[in-house]
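Student: Based on what follows, work out the 3D shape:
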Amino acid sequence: MGLQDKRRFAFFHKKSHVFFAVSILSTVLFFVVCSLWKTGSIGILDYLVLGNKDEWEFADFYRHIGYGSDLSRVYETSPDACFPPLSYLFFHFLYLLNPVQAEAVDWRAFRDAPYGRLSYLFCMMLLVLLFSYAAHRVAGMTEKTGLLLSILLLSSAPFFTAIERGNPVFLTMILLLYALWWKESDNRYLREAALVLIAIAAGFKILPALYGLLYVREKRWKEAGRLLLYGILLFFVPFLLTGGREGFSSYIRLLLDSHYQADFMREWSSVRGFVYRMLSQRLPLGEGQIDRCGMVMENFFLLCSIAGVFVSKRKWMQVLWMTMPVVYYMPTSQVYNAVYLCLPLLFFLGQKERERGEAVYLILFGLLFALPAWGSAGNLIHWISGLGYLLFLYAVLGEVARWIKERRRKDER
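Tutor: As a prediction, the model looks like this:
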């Protein structure tokens, strides 16, 4: 991915210039719209946090601290205790730093406890610093330009909702950012650390395990084997502390029978939810038929993404293909999962080679990572998710066009 060279992009290098221009313009327009917007029953911040009106502020952070307060009963507390056990070891550690006498499901008690918000603030400060440190280096920018990049990304709608909700998606994305960065390092210890970080990310969210296919794509078989070993250990060993065999059985039942059922989420932010919204409003189909259509489409989407990894020859595009299912595959996916899309963006900005149609990618990324002035009168989830689907569609068309062009060249020879 060319991450070890010491090139420095000028501020008005075309790639960064297009992205900055689109993102800044959209954000400036957003504040202009804010000054003229008649808010009525919903305020600007309510709009940016999906209209929850402060009902779920930092909820994902404190809910999972509550679920992890008693490791032996993690998967018995709530259907929303849906993460692999490694994540609850982390949340249990946070609980031990500031123990609270409250029911596991009473997440507001954990948030409102002494030092409760301070713990979240400290974690977020650390994550922001780690993200900013790596982002400009991966993108091949100077520190000053990288500061602007970090400000734009962190203040964009996907990051805004992730920070407001306190979902560990931000932490998982940073683990993957460092893993993909160190994956190409000349230092063998950093390359090994990259394997561990991917395994840890999968131990928090499962789907990041797909990034292991990048090693298979490059035929780095020994590293792929060690990654599989790390992943198995970090997934199964923590069950020894979270209920053992019964905890594992409860976790599997939770995934299959409750949390990830099709009727759990009906938003555009997942492929299944998108299909449901489209078909239920336009075709006279029953719930079961629509659910089956959604399941077929989400798995077709997953297969297309995996195929894209092995078809594409560009490193940043391979990262894009692996990121798409992480963002949109699960039916419980929320709009803040779009923060993962900054991974292909950063590697795209760091790519030295030029390519046709790159301005379209940069415009889509610029609109995605901004405050959405154009969507202030509509549904934020629809706008952010729609841009992601457009990005996917444009990438598919680009790969098809590239394949046709290569075939013609072979035929001419």
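Student: Would you agree residue 346 is in contact with residue 131?
Tutor: No: counting by Cβ atoms under 8 Å, residue 346 stays clear of residue 131, with 10.1 Å between them. For every residue, glycine as well, the C-beta is placed using N, CA and C.
Student: Give the residues shared as contacts by these two.
Tutor: Counting by Cβ atoms under 8 Å, 6 or more residues apart in numbering, the common neighbours of residue 346 and residue 131 are residue 177.
Student: More neighbours: which of those two?
Tutor: Comparing residue 346 with residue 131 by other Cβ atoms under 10 Å, the one with more neighbours is residue 346, at 28 against 21.
Student: check contacts around the more buried one.
Tutor: 135, 138-139, 177.
Student: residue ranges with poor pLDDT in the stretch 151-300 of the chain?
Tutor: 258-265 (pLDDT under 70).
Student: hmm, try it at 50
Tutor: 262, 264 (pLDDT under 50).
Student: and residue 306, what element?
Tutor: Using DSSP states H and E, residue 306 sits within helix 287-311.
Student: following that helix, which helix or strand shows up next?
Tutor: As assigned by DSSP H and E, the chain's next helix or strand after helix 287-311 is helix 315-328.
Student: quick check, distance from the helix or strand following that next one to the centre of its chain.
Tutor: Sequence order places helix 342-350 as the next helix or strand after helix 315-328, per DSSP H and E. Distance of helix 342-350 from the chain centroid (Cα atoms, centre = their mean, to the nearest Å) equals 13 Å.
Student: Tell me the helix or strand right after helix 342-350.
Tutor: Downstream of helix 342-350, the next assigned helix or strand under DSSP H and E is helix 358-368.
Student: Now do the buried residues in stretch 285-296.
Tutor: 290-291, 293-294 (16 or more other Cβ atoms under 10 Å).
Student: Identify, from the residues you listed, the entry nearest to residue 200.
Tutor: residue 294 (30.5 Å; Cβ to Cβ).
Student: And for residue 189, the neighbour number?
Tutor: Neighbour tally, residue 189, other Cβ under 10 Å: 9.
Student: name the element it belongs to?
Tutor: Going by DSSP H and E, residue 189 is part of helix 188-205.
Student: how much space between residue 220 and residue 195?
Tutor: Distance, residue 220 to residue 195, by Cβ to Cβ, to the nearest Å: 10 Å.
Student: the more surrounded of those two?
Tutor: Counted by other Cβ under 10 Å, residue 220 and residue 195 do not tie: residue 195 has more neighbours, with 24 against 16.
Student: My understanding was that the more buried one contacts residue 223; is that so?
Tutor: Yes: assessed by Cβ under 8 Å, residue 195 is found in contact with residue 223 at 6.1 Å.
Student: got a list of what the residue nearest the centre of the chain touches?
Tutor: Nearest to the geometric centre of the chain sits residue 340, at 3.0 Å (Cα atoms, centre = their mean). For residue 340, the contacting residues are 169, 173, 176, 323, 326-327, by Cβ under 8 Å, 6+ apart.
Student: Retrieve the pLDDT associated with it.
Tutor: What the model reports for residue 340 is a pLDDT of 97.
Student: returning to what we had before: same list, the contacts of residue 346, but as TSV with distance to residue 274 and secondary structure please.
Tutor: Output for those, formatted as TSV (distance: Cβ to Cβ, whole Å; DSSP: H, G, I helix; E, B strand; the rest coil):
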residue	distance to residue 274	secondary structure
135	29	helix
138	30	helix
139	30	coil
177	27	helix
